[in-house]
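> sequence and computational prediction follow.
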There are 2 protein chains.
Amino acid sequence: MSSFVVVGGDAAGMSAASKAKRDDPQLDVVVFEKGEWVSYGACGLPYYVKGEIQTLDDLVSVTPEEFREERDIDLRTGHEVVSIDPDDRTVTAVADGGEVVQPYDHLLIATGAAAVVPSIDGTQLEGVYTLGSMTDGRELREFVARSRESSPSEQPDRGPACQFLENCTGPVSIVGGGYIGVEMAEALAANDFEVHLFQRGDRVLKGFSEATSEAVADHLREQDVVLYLDSEVEAFEGSGRIEVIRTADRTVEVEMALLGTGVRPRTELAVEAGVEIGETGAIATDEYRRTNLPDVYAAGDCAEAEHVVTGDPVHVPLALTANRHGRAIGQTVAGEPSVGGGVAGTAAVKAFEIEAARTGIVDHDEAEAAGFDPVSRTIDARSRAGYYPEGGTVTVTLTADRETGRVLGASLVSEYGEGAVHRSHAIVAAVTEGTTVGELANYDLAYAPPFNTTWDPVLTAAKVLEGEL
Amino acid sequence: MSSFVVVGGDAAGMSAASKAKRDDPQLDVVVFEKGEWVSYGACGLPYYVKGEIQTLDDLVSVTPEEFREERDIDLRTGHEVVSIDPDDRTVTAVADGGEVVQPYDHLLIATGAAAVVPSIDGTQLEGVYTLGSMTDGRELREFVARSRESSPSEQPDRGPACQFLENCTGPVSIVGGGYIGVEMAEALAANDFEVHLFQRGDRVLKGFSEATSEAVADHLREQDVVLYLDSEVEAFEGSGRIEVIRTADRTVEVEMALLGTGVRPRTELAVEAGVEIGETGAIATDEYRRTNLPDVYAAGDCAEAEHVVTGDPVHVPLALTANRHGRAIGQTVAGEPSVGGGVAGTAAVKAFEIEAARTGIVDHDEAEAAGFDPVSRTIDARSRAGYYPEGGTVTVTLTADRETGRVLGASLVSEYGEGAVHRSHAIVAAVTEGTTVGELANYDLAYAPPFNTTWDPVLTAAKVLEGEL
């Protein structure tokens, strides 16, 4: 009986294990997961901290028991793989019960990514959090609960006073204005915290267009988030517990700091085994997610994937790619070689009452580095027919190559519910298919007054950009 | 100075006129419109009748004065073109002031479509309406207003009693379960009418998948619409005013009947001038929307267009195509030959608190006639992450060709706001690009918990269908 061993039990690992076992029930599928949680929706953690999701278990799509009993997968939680021997084709895992040496015919490294902790003073202080794991989520929720119990309305002389909000629960800080930063701003503000968001660069959501970043920043401010742009945090200070966050310009008294400063691929295990790392710092793979070692695959947040526009390897650690590539590997291991497709760098985010999405290449420097001559236009358009009683504005930034007219990427933002995110789907397709803006403008998209204008904002953006080529 | 003459001042005509004049300000652009309204959103009429839009003027995107003064278009409303002479290159129009003979260098026939009135007894009775024009919309709204003023709660002994609803305004009927039928069911029910909807075939929205039709039918019934399937209306009866609607099975007392029984292209003028008509009954054109007559174009609801999947000419009279093809003709006439793209037969509709969209080829007979071996699968999926506090179900029917895997079409339905319509955009792209289901399943679509599951329902449908090929 052939065996498929998986290191890491989240999206990529469990997708691969499930698909392989389903397609080839004879396969012996073993998954090592160092923690207790598998197949969990880390993307839901901000909503758990916010209080909209009641238990961490709600984030789990399939439980360990279900994997074991219903899917017949030999899932070993609490097992940390400490080495891979590609010559012997074994992995060694340690657990409470001692050491296990497991042979493999096929191996998947799906070790994920870890939250980056910046090299500044004070990150070890109590009250400084990251949000990379279920445990992180639990700790943050406990912080929220404790703070609310001792809120200033009940204990008026407690801690530093809020500067901007009446009856706030306490000033807290977020470092980093990426997805986690803006989602957690919503989660904390919803719990009546005064939120101070520090962004090193000159705009939030830097992978999006400037128009999107501005719309989101304006909205954060409307929601009473105190936003500091061009503000690199230099230290957290306090005795035991964080009391102050400090940049070159200012100090702000806070009771908590959340680090939303990105993730780095967990590659130590792979590197020690001789797996090749790409220029991005993540594990290099081919389109089948094969590493340089025979029968060793890598997928998910620890691995690179090829960009659908440039064909170049990129590291975009997001959930769908992990699922998709895991599934493709499972299919391959079960005997039907499958590519999982490239990545377009597509992402979506909700921040309070606004939604945004981006896909492909929006940044001109990045486009030029890939050999394109980028042109972008940003349009504001009605989300529904002008006469329809509901509706708002969708702002679309569309980027194309001047010479070929090829759609390279887009960034969209709208009020929540007005469709920026689902509208991005058409552009993901265009980016993937190598469509020109003229062809995109001619897509026969669905129209009815409750959903869009006759020319959907995406089509309008394409028309306008086509006029510039 | 070259001249461009347009017959018909709605979507196709005014788009062409505007684009031509904008791209070539030297062009003499003359538009003849027999009515008083131009460039109006007929798609908004149900919402005007419903009462969500206050005046017919709100449906007008650009007024006649704006076309004349700001866009410098010689727009002649109240002018009916009665003949075209392709040898002399003139059109003859009649107006109150007499007859005008207008020479043309380029001519666009954009005469639109007319509501079909079935050949049954009683269609001439007072209280039998169609909804094809602004005038129709006004008359229907007046009917609604009159009925509400004399509602049964105030005049309990008036007319036939409502059979199902308490305090209803009066029983009314709709003939036809297409877009107009279901939109008007919403509009009339919102005004407290008891609505009886008669559909000749065995399901509503017959261009959609059976799953979509069933979901919409169930929802109409939930909303207290009395739905009669397989019920062909044989006559309207009454003395002067409609009192009864009759099918083979039953008679129902009603105070009004709305005919939502489709449209037919208005081609009389074209036929008399020697313009070739296609098999669909609409004007035949090439991809530039040129007819068989030199320099004579046709676009919008009176004309055919090629289907993006089959390449065959089809007649799909919808607003976006009219706009897109009108614009392309304007560009061509101004000196830059442009194709407006084919049609995918995409359509969207809202019915009460449900939304649906369809695109491409869903019907298996139609697919087989085009030489495909169709396979379809229908899936139900969560519209947002399972743990997210909001969300509902999206039902996706996806159809592909068994041999090539090519995506042929789709039909989607969800609660209103849960994204069936905007999600169809990705499938429109796939259908247009000749994408396979495997490629569609690998699209890197945007994901975040407030918007979808990690695999968007569209991707899940593609995965499931791929498994069947």
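Here it is on my side, so go on. Residues are numbered from 1 along each chain as shown, chains lettered A, B, ... in the order given.

> okay, buried residues for stretch A:237-251 please.
A:238, A:242, A:243, A:244, A:245, A:246, A:247 (16 or more other C-beta atoms under 10 Å in any protein chain shown). In short, each C-beta sits where N, CA and C put it, glycine included.

> near chain B, which of those show up?
Among the buried residues of stretch A:237-251, proximity to chain B is found for none (C-beta under 8 Å from any C-beta of the partner chain).

> so what touches stretch A:220-234?
Outside stretch A:220-234, the residues that touch it by C-beta atoms under 8 Å, 6 or more residues apart in numbering or on different chains are A:118, A:120-121, A:163-165, A:175, A:177, A:182, A:185-186, A:189, A:194-204, A:217, A:245-250, A:351-353.

> sort out for me which of those are in strands.
A:175, A:194, A:195, A:196, A:197, A:198, A:245, A:246, A:247, A:351 (DSSP state E).

> partners of the fourth one in the sheet?
For residue A:196, the beta-bridge partners are residue A:173, residue A:226 (DSSP bridges).

> residue A:91 should be in a helix, yeah?
No. Going by DSSP: H, G, I helix; E, B strand; the rest coil, the assignment for residue A:91 is strand, not a helix.

> give me the distance between the residue nearest in space to the middle of chain A and residue A:300.
Compute the mean C-alpha point of chain A, and by C-alpha atoms, centre = their mean the closest residue is residue A:318, 4.5 Å away. According to C-beta to C-beta, to the nearest Å, residue A:318 and residue A:300 sit 9 Å apart.

> adding pLDDT, write the buried residues of stretch A:237-251 out as CSV.
Listed next are the buried residues of stretch A:237-251 as CSV, based on pLDDT from 0 to 100:
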residue, pLDDT
A:238, 96
A:242, 97
A:243, 96
A:244, 97
A:245, 97
A:246, 97
A:247, 96
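
> of those, which is the nearest to residue B:30?
Using C-beta to C-beta, residue A:247 comes nearest to residue B:30 of the buried residues of stretch A:237-251, at 65.4 Å.

> phi, psi for the nearest residue to that closest one once chain neighbours are set aside please.
Among residues not flanking residue A:247 along the chain, residue A:231 sits closest, at 4.6 Å (C-beta to C-beta, 6 or more residues apart in numbering or on different chains). Dihedral pair for residue A:231: phi -130, psi 90, per degrees, to the nearest 10.

> now for residue A:231, how many residues are close by?
22 (other C-beta atoms under 10 Å in any protein chain shown).

> next one: it relative to chain B, how far apart?
Using C-beta to the nearest C-beta, to the nearest Å, we find residue A:231 at a distance of 26 Å from chain B.

> need the per-residue pLDDT for that residue.
Looking at residue A:231, its pLDDT is 97.

> follow-up on the earlier one: can I have the buried ones of the contacts of stretch A:220-234 as a PyMOL selection?
The PyMOL command for the buried members of the contacts of stretch A:220-234 (criterion: 16+ other C-beta under 10 Å) is given here:
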select buried, chain A and resi 165+175+177+182+185+186+189+194+195+196+197+198+199+200+203+204+217+245+246+247+351+352
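
> ends of stretch A:80-94, how far apart?
End-to-end distance of stretch A:80-94 (C-alpha to C-alpha, to the nearest Å): 5 Å.

> do stretch A:264-275 as well
Stretch A:264-275 has an end-to-end distance of 17 Å (C-alpha to C-alpha).

> for that stretch, buried residues please.
In terms of neighbour count (16+ other C-beta under 10 Å), stretch A:264-275 has its buried residues at A:264, A:265, A:266, A:267, A:269, A:270, A:273, A:275.

> sec struct for the last one, please.
Translated: residue A:275. Secondary structure assignment for residue A:275 (three-state DSSP): coil.

> contact partners for it?
So residue A:275 contacts A:84, A:109, A:267, A:283, A:291, A:292, A:293, A:296, A:298 (C-beta under 8 Å, 6+ apart).

> and the stretch 51-200 of chain A, which residues reach chain B?
Residues of the stretch 51-200 of chain A lying near chain B (C-beta under 8 Å from any C-beta): A:52, A:53, A:58, A:59, A:61, A:179.

> got a markdown table for those, with pLDDT too?
What follows is these, written out as a markdown table (pLDDT from 0 to 100):
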| residue | pLDDT |
| --- | --- |
| A:52 | 95 |
| A:53 | 95 |
| A:58 | 93 |
| A:59 | 94 |
| A:61 | 88 |
| A:179 | 94 |
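
> list the contacts of the closest residue to residue A:32 other than its chain neighbours.
Using C-beta to C-beta, 6+ apart and skipping the chain neighbours, the partner closest in space to residue A:32 is residue A:79 (4.3 Å). When contacts are counted by C-beta under 8 Å, 6+ apart, residue A:79 is found next to A:32, A:33, A:34, A:93, A:94, A:95, A:100.

> around the nearest residue to the last one once chain neighbours are set aside, how many other residues sit close by?
The one in question is residue A:100. In this structure, residue A:100 finds its nearest non-sequential neighbour in residue A:93, 4.8 Å apart by C-beta to C-beta, 6+ apart. For residue A:93, the neighbour count with other C-beta under 10 Å is 22.

> residues contacting residue A:93?
Contacts of residue A:93 by C-beta under 8 Å, 6+ apart are A:32, A:76, A:79, A:80, A:81, A:82, A:99, A:100, A:102.

> rerun that using 10 Å as the cut-off
A:5, A:7, A:30, A:32-34, A:76, A:78-83, A:99-102 (C-beta atoms under 10 Å, 6 or more residues apart in numbering or on different chains).

> and if you look at residue A:305?
Counting by C-beta under 10 Å, 6+ apart, residue A:305 has contacts A:278, A:280, A:282, A:285, A:287, A:289, A:298-299, A:313-317, A:321-322, A:324-325, A:340-343, A:345, B:444.

> before we move on, what about residue A:465?
Counted by C-beta under 10 Å, 6+ apart, residue A:465 has contacts A:375-379, A:396-400, A:405, A:407, A:410, A:437-438, A:440-441.

> which ones among those lie within strands?
Per DSSP E, the contacts of residue A:465 map to strands at A:375, A:376, A:377, A:378, A:379, A:396, A:397, A:398, A:399, A:400, A:407, A:410.

> neighbour-wise, which of those leads?
The residue in these with the most neighbours, by other C-beta under 10 Å, is residue A:410 (34 neighbours).

> would you list the ones in strands among the contacts of residue A:465 in a markdown table and tack on distance to residue B:256 and pLDDT?
Conversion of those to a markdown table gives the following (distance: C-beta to C-beta, whole Å; pLDDT from 0 to 100):
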| residue | distance to residue B:256 | pLDDT |
| --- | --- | --- |
| A:375 | 54 | 98 |
| A:376 | 52 | 98 |
| A:377 | 48 | 98 |
| A:378 | 48 | 98 |
| A:379 | 42 | 98 |
| A:396 | 42 | 98 |
| A:397 | 48 | 98 |
| A:398 | 46 | 98 |
| A:399 | 52 | 98 |
| A:400 | 51 | 98 |
| A:407 | 49 | 98 |
| A:410 | 47 | 98 |
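
> how far off centre is stretch A:181-194?
Here stretch A:181-194 is found 18 Å from its chain centre; the criterion is C-alpha atoms, centre = their mean, to the nearest Å.

> related to what we said a few turns ago, ok, of the contacts of residue A:79, which come out buried?
A:32, A:33, A:34, A:93, A:94, A:100.
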